[in-house]
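Asker: kindly return the folded structure for what I paste below:
(2 chains)
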Amino acid sequence: MRILEGQDVTKRFGGLVAVSHVDFYVDQGEIAGLIGPNGAGKTTLFNLISAAFPINSGEIRFKGQKLNGLKPHQVCKLGIARTFQQIKILADMPVFQNVLVGAFFGNRNRVSGTDAAREASQALEVVGLSTMSTAPAKDLTLVNQKRVELARALATKPELLLLDELMAGLNPTEVSEAMELVTRIRAKGITVFMVEHVMKAIMGICERVMVLHHGEKICEGTPHEIACDRQVIEIYLGEETHAGS
Amino acid sequence: MNIATLTSKKFLAPAVLVLIVVVLATLPLYISPGTRTLLLDFLMYIILAVAWTMFSGPTGYISLASAAFFGIGVYTPGLLYAEGAPLLPLPVVLAVAGLVAFCCALAVGAATLRLRGIFFTMFSFGLLGAAQPIIQFFEFETHGARGRYVESIGANNVYYLLLIIFVAAMVTAYLLRRSRYGLALQSIGGNEEAAAHMGVDTTRMKVLFFGVSGIFMGITGAMMAIRWHYVDPSIAFNLNYSFLPLLMALVGGMGQLYGPVIGALGFAYLRWVLLSTQYYMLIFGIIMIVFILFVPGGLASLIERGRHRLREVIAKLPKRGETTEHANT
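Answerer: Next up is the predicted model:
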């Protein structure tokens, strides 16, 4: 079943067409990847899904419901959570409070204080930050700040999780841990749609990958098909790094 | 989260508040009218600073519109009194003042809170600039005089009513800080975009609590009109009622519930002491600069740091049991 579907999605910034007539879909329960060179429109597409920007034309549907015209908090309450490429943590607040915001407000229904606290603790446990819950978020390392973002996204009880370059800036060990974490999150029944430059992660955990270039979708398929595609190799992967590196 | 620290803190603030209220409630029995006048001023500034901090503290949206909402409150009894005597019972007049200020704050908030940072601040300041001439024009056209008289109800009655408003403001601020809405406002101050993407309806939260803080400013304005006996636009919309609450909150520290209270006390006292000299604004300015540069967290942050250090020192003190053990070995 298609949990998320976009048709003819277009976003213009002045004269620049950031996303151009893109059709895409994400199936329920899968880990779908979105790759492409810098400036290809990957983050813009995520911003359109999460309603950070209004869409110019086309439409995006989540479980059959049209997302056009909704506000970010409404999209979140419907069950779509996201992390940000440029970390947007609540720097001066403790880690626990960061996650608590998502637990309180991300749910469609009103959540009681005890339920929200439990939800936040569970989310912190999933990402492995339970021991740091009282530390101010700004004191954490990059990888842990990314985990805070992930935890608060999880605390909103999403059905679909948008991960915007979760692995960027992490060392190989951390990337492996993050891959394992994403797999575990999917095992909980959460569909994952991820923008990623780390090909190891794309090849390792994605079931299906879409490639954007200059705002257009140029290719779509299994990671293996993508890695062997001439056009993708030419514009993104390069000769040296193709085929599952 | 450490449950022990949560529960121990849970009862501290209400207990302290109750104690302060009891002391304040009995004060008029044995203080001079002069001191009571001073206390009235203190209470007014505390309420304004606490109300300002409710919204601007956690969100970081620095509002300079306080004097507009205060002034609207000041003018409400002016309009609801005929020949100086009230047309409606006093509680209704106060409620109307709060309601009118609330509605104005909602309207202004809905129109301006999409602006961020300095743009919001300047717009809120502009609002204040617009309010005074509009009311003044309206007064000249319809009333034919510059000001209006308001029947006084006696300084003691004003004092007790103001005390009730003070308690209401403190309780609201206390509950807000502990509630999910306080958390939402804080998340807006932390990162508005992230807050929205976590499900916080940022616009609704901002507008609603800008309005709530306006209620207290409006009611306080109405109380002060009754105390002053006479109102005119330049008294009602005095710039000081925008700048002083901000200064007080800044110097007192917005991180703690009591921050704006001690800030307001300090400044109101200084103002009283220095008012006879021409230098009080100069001294206020210097204090503000010093605090912004060296103590950005305000007095409250200094006190909290002191408390923290004290706790550390106490924790390090050898306990009785341990010393005897040492003696044995």
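
Asker: and the closest residue to chain A within chain B, how many neighbours does it have?
Answerer: Per Cβ to the nearest Cβ, B:G190 is where chain B lies closest to chain A, at 3.1 Å. Heads up, the C-betas are built off the backbone N, CA and C, glycines and all. Other residues near B:G190 come to 22 when the count uses other Cβ atoms under 10 Å in any protein chain shown.

Asker: show me what counts as buried in the helix or strand hosting A:S121.
Answerer: According to DSSP states H and E, A:S121 maps onto helix A:113-127. Under the neighbour-count criterion of 16 or more other Cβ atoms under 10 Å in any protein chain shown, helix A:113-127 has A:A116, A:A117, A:E119, A:A120, A:S121, A:A123, A:L124, A:V126, A:V127 buried.

Asker: if you count contacts, what does that helix end up packed against?
Answerer: Applying 3 or more Cβ pairs under 8 Å, 6 or more residues apart in numbering or on different chains; DSSP states H and E, one finds that helix A:113-127 contacts helix A:95-105, helix A:142-155, helix A:172-187.

Asker: if we can go back for a sec, isn't the residue of chain B closest to chain A up against A:P94?
Answerer: No - shown here, B:G190 and A:P94 do not form a contact pair, counting by Cβ atoms under 8 Å, at 11.2 Å.

Asker: next up, the contacts around the residue in chain A positioned nearest to chain B.
Answerer: For chain A and chain B, the shortest gap (Cβ to the nearest Cβ) falls at A:L90, measuring 3.1 Å. By Cβ atoms under 8 Å, 6 or more residues apart in numbering or on different chains, the contact set of A:L90 is A:Q97, A:N98, A:V101, A:A137, B:Q186, B:S187, B:G190, B:N191, B:A194, B:A195.

Asker: ok, back up a step: what's next to the helix holding A:S121, contact-wise?
Answerer: Residues from elsewhere that reach helix A:113-127 (Cβ under 8 Å, 6+ apart): A:95-96, A:99-100, A:102-104, A:111, A:130, A:133, A:147-148, A:150-152, A:154-155, A:157, A:181, A:184-185, B:1, B:180.

Asker: now that helix, how far from the centre of its chain.
Answerer: Distance, stretch centre to chain centre, for helix A:113-127: 20 Å (Cα atoms, centre = their mean, to the nearest Å).

Asker: restrict that helix to CA atoms and write it as CSV.
Answerer: Provided in CSV are the C-alpha atoms of helix A:113-127 (Å, rounded to 0.1, in the frame of the first residue of the first chain):
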residue,chain,number,x,y,z
GLY,A,113,1.6,14.4,31.2
THR,A,114,2.5,10.9,32.3
ASP,A,115,1.9,9.4,28.9
ALA,A,116,4.0,12.1,27.3
ALA,A,117,6.9,11.5,29.8
ARG,A,118,6.7,7.8,29.2
GLU,A,119,6.7,8.3,25.4
ALA,A,120,9.7,10.6,25.6
SER,A,121,11.7,8.2,27.8
GLN,A,122,10.9,5.3,25.4
ALA,A,123,12.0,7.4,22.4
LEU,A,124,15.2,8.3,24.2
GLU,A,125,15.8,4.6,25.0
VAL,A,126,15.3,3.6,21.3
VAL,A,127,18.0,6.1,20.2
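
Asker: tell me the one of the buried residues of helix A:113-127 nearest B:S234?
Answerer: A:A116 (48.7 Å; Cβ to Cβ).

Asker: show me where pLDDT drops low in chain A?
Answerer: Within chain A, the set of residues satisfying pLDDT under 70 comprises A:239-245.

Asker: residues from it in reach of chain B?
Answerer: Residues of chain A lying near chain B by Cβ under 8 Å from any Cβ of the partner chain: A:50, A:52, A:71-73, A:76-77, A:81-82, A:84, A:88-93, A:96-97, A:100-102, A:104-107, A:113, A:116-117, A:133-134, A:152-153, A:156.

Asker: the same query, at a cut-off of 6 Å, please.
Answerer: A:50, A:72-73, A:76-77, A:82, A:88, A:90, A:93, A:101-102, A:104-106, A:152, A:156 (Cβ under 6 Å from any Cβ of the partner chain).

Asker: of those, keep whichever come out buried.
Answerer: Here, 16+ other Cβ under 10 Å leaves A:50, A:72-73, A:76-77, A:82, A:88, A:90, A:93, A:101-102, A:104-106, A:152, A:156 buried among those.

Asker: what's near enough to touch B:A173?
Answerer: B:A173 makes contact with B:V50, B:M54 under the criterion Cβ atoms under 6 Å, 6 or more residues apart in numbering or on different chains.

Asker: cool, B:R180 as well?
Answerer: Going by Cβ under 6 Å, 6+ apart, B:R180 touches A:F104.

Asker: same check on B:V295?
Answerer: Here B:V295 is in contact with no residue (Cβ under 6 Å, 6+ apart).

Asker: got the residue ranges for the strands in the chain?
Answerer: Answering for chain A, as no chain was given. In chain A, strands defined by DSSP state E lie at A:2-13, A:16-27, A:31-35, A:57-62, A:65-66, A:80-82, A:160-164, A:191-195, A:208-213, A:216-221, listed in chain order.

Asker: looking at chain B here, not the other one
Answerer: Ranges of strands in chain B, per DSSP E, are B:81-82, B:85-86, B:148-149, B:230-231.

Asker: from those strands, which stretch is densest packed?
Answerer: When the strands of chain B are scored by mean count of other Cβ atoms under 10 Å in any protein chain shown, the highest mean neighbour count falls to strand B:230-231 (a mean of 20).

Asker: what sits up against that one?
Answerer: Strand B:230-231 has contacts (Cβ under 6 Å, 6+ apart) with B:V74, B:G78, B:G147, B:R148, B:Y149, B:A225.
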